[in-house]
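Asks: predicted model follows, preceded by the sequence.
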Amino acid sequence: MSEFLTTVSSAVAWIKGLAGRHELFFPLKHGSANYSFQPAGPSADIQFEKYRPTIVPPVKKMLPARDTLFTFVKSPSGEPTVTPTLDTAPRILAGVRPCDLKGIHLMDTIFENGVADAYYAARRANTAVIAYACPKPCDDRAFCHAVDSLDHRAGADVILTPLKGDDMLVEALTDKGREMLAGVDFPKCADAAARKVGAVAARPEPFGRALGAKVSALPAVIKKQWKSDLWDKHTERCFSCGSCNLVCPTCYCFDVQDDLNLDTTSGHRTRTWDACMLPEFAAVAGGHNFRPNAAARQRHRVKRKFEYLTERFHEGAFCTGCGRCGRQCTAGIDILDIVKDLASAEVES
Amino acid sequence: MTTTHAHAKVSPDAYLPMMGKVVEVREMTARENYFRLELPRPLGHRPGQFVMVSVLGIGEAPISISNGPTTTNTLELVIRRAGRLTQVLSELKPGDLMGIRGPFGSGFDMSWFDGKEILIVAGGLGLVPLRSLIQPLVANADKYPSITLLSGCRNPAEELYREEVREWSKHPKLRVIRLVDGTENMPWDGEVGLVTAPIPKLDIKPDRTIAVLCGPPVMYKFVIIGLNQKNLPHDRIFVDLERRMKCGVGKCGHCQINDVYCCQDGPVFRFSEIEHLPEALL
Ligand SMILES: Cc1cc2nc3c(=O)[nH]c(=O)nc-3n(C[C@H](O)[C@H](O)[C@H](O)COP(=O)(O)OP(=O)(O)OC[C@H]3O[C@@H](n4cnc5c(N)ncnc54)[C@H](O)[C@@H]3O)c2cc1C
Ligand code: SF4
Ligand code: SF4
Ligand code: FES
């Protein structure tokens, strides 16, 4: 049995202890209002409840903004030696909220499907995840419950669930989780299932924003809306800046660039985040652009999250309800508003 | 923390190029060069597949494999100067190296063609990937009742594989119709007109013909209108599509056409598989 009952302060002490031994990331204050996953030492200000989702989701620790795929050095005859640069440094991501845990799980699905992506897989295999089951919505943009990610568990090694008072349920889900808890003297918890039910019952209702439709019905609903005016309506203000893509825990598209060092005989190939909202994303040589305007690009983004990937991978919606795209959009465009409109247009017709 | 997740294939090989040596370069037209490369090992490709071609330090782009399947280490490419990388590629000389990843994509299964009457429609650069299919078809011409090639380009100076196409046209089993949009006062021994023009006159048997198309986005629509008038079923029309591609292995998202990934599910599709996808052709 790998369920323990302890207190919030003991759980914090345990995490601080881990931080002394491993590279550990925890959401720490970044500026006046924002949080980001930063390296946390034994003296870090570790608090579970306070933070709303970080601007950049924790899954990007496995898929950094600039990821070097290999370096090369050319011999005088021009023959290059190519060296892959796999990052296998062990690390722990702690304080991961359910939406972000779902984000990690969905990214695992994508990058391990077909030809596994070695760069993501190497980081993932060496990353342990300590998740935290939210007892209340993190802020007024969240809609995790509406898209079925609030109770997500797959992908975590340990899940912490705050209970009544100062109690904390600690569950190890994997060998990695049990290893991290080895030697910790938390008391065993015999009635973990009942306590989890209690924690769910104690959550406020509604939990975050509602969708007005079942998320499982959305692929079929959105499929019918290819020609809807709503795509134009919801992109009138869009700057095509791509911020919504860059902060999303399930956006992974990338561009690839080569760089030559000043010696002109060595360099590296790097992938960098790309964004399907950027105008040239679907342009081909010769000038044809398969998604020539913002409405076509927004439609692609929304359908990717709620229809294309959902149907391809059978993992539910590829939007975790974290609310980041709405929070960060300069034009105030929020994917939940778009999806709600699409869903209710269907009801009317 | 020694435990690791169980992962499928986690080698970075898919992203690492092997080095192919240029052994022959020929200027084909003012914009396109033909390259023959020797690879460290045979590619083992199917017709219709592509490779990611790079010059280290400059960049990488998808390029179709132009030769038919072979057990040797030879790779043939035709590359049009379109931008930064392709400009650098066009300046390579025999002895220079190109980075090659692949082969990628679905390609054609030769068994689809057994016993069928075959119609191939190539527009401009579309002949480059289709040559990888035409070569094995010609080599086994006895298996097919007929093979017809419609090959169109803008003007006589832009014709690709000029000598080889003329050789094919001498083959008793092959009917080759070469067209240009206009001669622009250059000598021309083929027909003048769009690549769709001969279709109404062709003998297309809806129950026995297979059509294969590759060309610029606008071409597909008009060829398909022509084939619809002949009642050719859409599961026997194959299209070879183009998208921006950065990875070739279904990860970078660039080649996504609605819910399919062109680099893995394609670039060769049955028209029936993609006709319901609004972003497929235009
Ligand atoms: C499966 C497949 C097979 C292919 N096979 C071949 C082949 O056999 N031979 C061949 O010559 N080509 C082929 N191509 C096309 C080839 O990949 C492109 O021409 C190549 O990527 C150009 O790369 P580049 O770096 O030289 O050009 P780039 O610098 O990328 O520019 C290419 C052209 O596109 C324009 N462009 C660049 N960026 C943008 C943007 N953001 N928005 C709009 N336009 C832009 C440029 O102005 C330029 O004209 C194939 C493509 C695919 C997908
Ligand atoms: S962040 Fe907002 S303005 Fe920018 S591309 Fe996304 S929806 Fe458009
Ligand atoms: S689409 Fe928006 S709300 Fe949904 S997961 Fe991405 S950033 Fe979060
Ligand atoms: S080329 Fe990257 S997903 Fe297809």
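Replies: Structure received. Ligands and ions are numbered 1, 2, ... in the order given.

Asks: now do the contacts for the one residue in chain B that gets nearest to ligand 1.
Replies: For chain B, the residue closest to ligand 1 is B:Gly83, as judged by CB to the nearest ligand atom, at 2.0 Å. Every C-beta, even on glycine, is put in place using the N, C-alpha and C of the backbone. B:Gly83 sits next to A:Ala285 when contact means CB atoms under 8 Å, 6 or more residues apart in numbering or on different chains.

Asks: looks like A:Ile110 contacts A:Pro249 (just checking).
Replies: No: look at A:Ile110 against A:Pro249 with CB atoms under 8 Å: they stay out of range, at 11.5 Å.

Asks: residue of the stretch 151-300 of chain A nearest ligand 3, please.
Replies: Sorted by distance to ligand 3 under CB to the nearest ligand atom, the residues of the stretch 151-300 of chain A start with A:Cys248, at 3.3 Å.

Asks: now do the stretch 1-150 of chain A
Replies: A:Gly103 (6.6 Å).

Asks: you'd agree that residue is in a helix?
Replies: Yes: when DSSP: H, G, I helix; E, B strand; the rest coil is applied, A:Gly103 is found to be in a helix.

Asks: excluding chain neighbours, what is closest to it?
Replies: Once its chain neighbours are removed from consideration, A:Gly103 has its nearest residue in A:Pro249; the separation is 2.8 Å (CB to CB, 6 or more residues apart in numbering or on different chains).

Asks: what about that neighbour, neighbour count?
Replies: When counting by other CB atoms under 10 Å in any protein chain shown, one arrives at 27 neighbours for A:Pro249.

Asks: check the gap between it and ligand 4 for me.
Replies: Note on A:Pro249: its distance to ligand 4, by CB to the nearest ligand atom, to the nearest Å, is 19 Å.

Asks: thinking again about what came up before, so what's the residue of the stretch 1-150 of chain A closest to ligand 3 up against?
Replies: Under the criterion of CB under 8 Å, 6+ apart, the contact partners of A:Gly103 comprise A:57-59, A:249-250, A:320, A:322.

Asks: identify the farthest-apart pair in those residues.
Replies: A:Pro58 and A:Thr250 (12.7 Å; CB to CB).

Asks: and A:Pro98, what does it touch?
Replies: A:131, A:133-134, A:144, A:149-152.

Asks: quick revisit: show the pLDDT at the residue nearest to A:Gly103.
Replies: At A:Pro249, the model reports a pLDDT of 97.

Asks: please apply the same query to A:Lys224.
Replies: 89.

Asks: A:Glu236 now?
Replies: 90.

Asks: which residues touch it?
Replies: Contacts of A:Glu236 were listed using CB under 8 Å, 6+ apart, and none were found.

Asks: what does the one 4 residues further on give?
Replies: Contacts for A:Ser240 (CB under 8 Å, 6+ apart) come out as A:277-279, A:294, A:297.

Asks: tabulate those in TSV, adding columns for neighbour count, secondary structure and pLDDT.
Replies: Supplementary listing: the contacts of A:Ser240 in TSV, determined by neighbours: other CB atoms under 10 Å in any protein chain shown; DSSP: H, G, I helix; E, B strand; the rest coil; pLDDT from 0 to 100:
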residue	neighbour count	secondary structure	pLDDT
A:Met277	24	coil	93
A:Leu278	16	coil	93
A:Pro279	14	coil	91
A:Ala294	20	helix	91
A:Arg297	25	helix	94
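
Asks: could you identify the most distant pair in those?
Replies: The widest separation within these, taken as CB to CB, falls between A:Leu278 and A:Ala294 and amounts to 10.3 Å.

Asks: near ligand 4 at all, the helix or strand A:Leu69 falls within?
Replies: Counting by DSSP states H and E, the secondary-structure element that holds A:Leu69 is strand A:66-74. No: Strand A:66-74 stays clear of ligand 4 (CB under 6 Å from any ligand atom), getting no nearer than 13.3 Å.
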